[in-house]
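Undergrad: Provided below are the primary sequence and the corresponding predicted coordinates.
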Amino acid sequence: MTYETGTEVFFIESNRIIRKATVVRRSGDFYISRLRFHLF
């Protein structure tokens, strides 16, 4: 599965925390993403 630049992705941490991120750059099989932090 490949993702294009600008695609929104989700990371699941510890089976309970879901974080939204955006793919910034792709180099081969390596992806750089920008996490979105929301303060409530």
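TA: The structure has been received and is ready for your questions. Numbering: from 1, shown residues only.

Undergrad: strands of this protein, residue ranges please.
TA: Taking DSSP state E as the test, the strands found in the chain are 8-13, 17-27, 30-35.

Undergrad: which neighbouring elements make contact with the last one?
TA: To tie it back to what came earlier, the one meant is strand 30-35. Contacts defined by 3 or more CB pairs under 8 Å, 6 or more residues apart in numbering; DSSP states H and E place strand 30-35 against strand 17-27. Any C-beta I mention is one placed from the backbone N, CA and C, and that applies to glycine too.

Undergrad: the longest one too?
TA: If contacts are counted by 3+ CB pairs under 8 Å, 6+ apart, strand 17-27 sits against strand 8-13, strand 30-35.

Undergrad: now tabulate these in TSV and tack on mean pLDDT.
TA: Shown next, in TSV, are the helices and strands packed on strand 17-27 (pLDDT from 0 to 100):
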stretch	mean pLDDT
strand 8-13	90
strand 30-35	93
